[in-house]
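S.K.: build me a model from this:
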Amino acid sequence: MDSTGNPSLHSPGRRLGLFLAFGLLALLMIAVPSAIWGALVLANLKVSPTIPCCLPAVVMVLWLFWQYVGGRGWPRSTTAERSVLRRANPVSGKAFLWSLVAGGLAIVALAGLWIVLFQLVKLPPNVLLPANFISTPWMVGAIVLGASLVALITEESAVRGYLQVVLEREFRPLTAVTLSSPSLPWRTSARDYPGRSF
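M.R.: The predicted structure follows:
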């Protein structure tokens, strides 16, 4: 956007190029940590299927990812821009509280929808886990928690951060959100494909 808060006046070709470039970057930002997570789970299941070693390992990977996309590391010339693109800004207590309320209500609604859809459509099992998968509750909990953290940190940084910030510079906010939202199917595929490839 320019100094008046209006979207920039770049050519349609440049806008399309930025959308495609940062869309691919967002895809890569999701796929790489997800592939690492899939490899960690697979190795954990083969070596020690009852001890959740994969969780502390992926927490370290995600911490390094978070630091890098927020501006740490090489190249120094992109430090400031990466910090802006990650979009991890503090919010007021009131905004945070309302976000929690809205998010909680959305989860309840989604859970109800998921239950209904599960009854209507048969979903394939997660192929990352063996058909005869048996483990401890700690291991199952670690896999669920690790997968949740990977999805949360990578998708929000990549799509709501990097991709949407760039789109908001070129389009009005509503248009930027509308353009970034259809990325859900391919970013989900990028996260799930590493697990399915095993």
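S.K.: all contacts plus neighbour counts: C-alpha atoms, from now on.
M.R.: Will do.
S.K.: which stretches of this structure have low pLDDT?
M.R.: Within the chain, the ranges that satisfy pLDDT under 70 run 1-10, 125-134, 182-198.
S.K.: helices of this protein, residue ranges please.
M.R.: For the chain, the helices defined by DSSP state H cover 12-47, 54-69, 79-86, 93-120, 137-155, 164-170, 173-180, 184-197.
S.K.: what residues does Cys54 make contact with?
M.R.: Going by C-alpha atoms under 8 Å, 6 or more residues apart in numbering, Cys54 touches 37, 40-41, 44, 142-143.
S.K.: return the most buried member of the helices of the chain.
M.R.: Comparing the helices of the chain by mean neighbour count (mean count of other C-alpha atoms under 10 Å), helix 164-170 ranks first with a mean of 22.
S.K.: gap between that helix and the chain center?
M.R.: Going by C-alpha atoms, centre = their mean, to the nearest Å, the spacing between the C-alpha centre of helix 164-170 and its chain's C-alpha centre is 18 Å.
S.K.: please apply the same query to stretch 67-77.
M.R.: Per C-alpha atoms, centre = their mean, the centroid offset for stretch 67-77 relative to its chain is 19 Å.
S.K.: in that stretch, what counts as buried?
M.R.: Buried positions in stretch 67-77, judged by neighbour count with 16 or more other C-alpha atoms under 10 Å: 68-72.
S.K.: quick one: the residue nearest to Gln67 when sequence neighbours are not counted from Gly112, how far?
M.R.: Distance criterion C-alpha to C-alpha, 6 or more residues apart in numbering; nearest residue to Gln67, sequence neighbours excluded, is Gly73 at 8.0 Å. Noted for Gly73: a distance of 43 Å to Gly112, by C-alpha to C-alpha, to the nearest Å.
S.K.: ok, back up a step: identify the farthest-apart pair in the buried residues of stretch 67-77.
M.R.: Spatially, the most separated pair among the buried residues of stretch 67-77 is Val69 and Arg72, at 7.2 Å (C-alpha to C-alpha).
S.K.: residue nearest the centroid of this protein?
M.R.: What sits nearest the mean C-alpha location of the chain, by C-alpha atoms, centre = their mean, is Glu155, with 1.5 Å.
S.K.: how much space between Arg169 and Ala151?
M.R.: Counting by C-alpha to C-alpha, the gap between Arg169 and Ala151 amounts to 25 Å.
S.K.: wait, I meant Pro173
M.R.: 24 Å.
S.K.: so how far is Leu123 from Leu149?
M.R.: As for Leu149, its distance to Leu123 is 23 Å (criterion: C-alpha to C-alpha).
S.K.: try Trp63
M.R.: For Trp63 relative to Leu123 (C-alpha to C-alpha), the value is 32 Å.
S.K.: likewise Ile143?
M.R.: From Ile143 across to Leu123, the span is 19 Å (C-alpha to C-alpha).
S.K.: same question for Val47.
M.R.: 29 Å.
S.K.: what's the neighbour count on Thr50?
M.R.: 16 (other C-alpha atoms under 10 Å).
S.K.: now it. Its backbone dihedrals?
M.R.: With angles defined as degrees, to the nearest 10, Thr50 sits at phi -110, psi -10.
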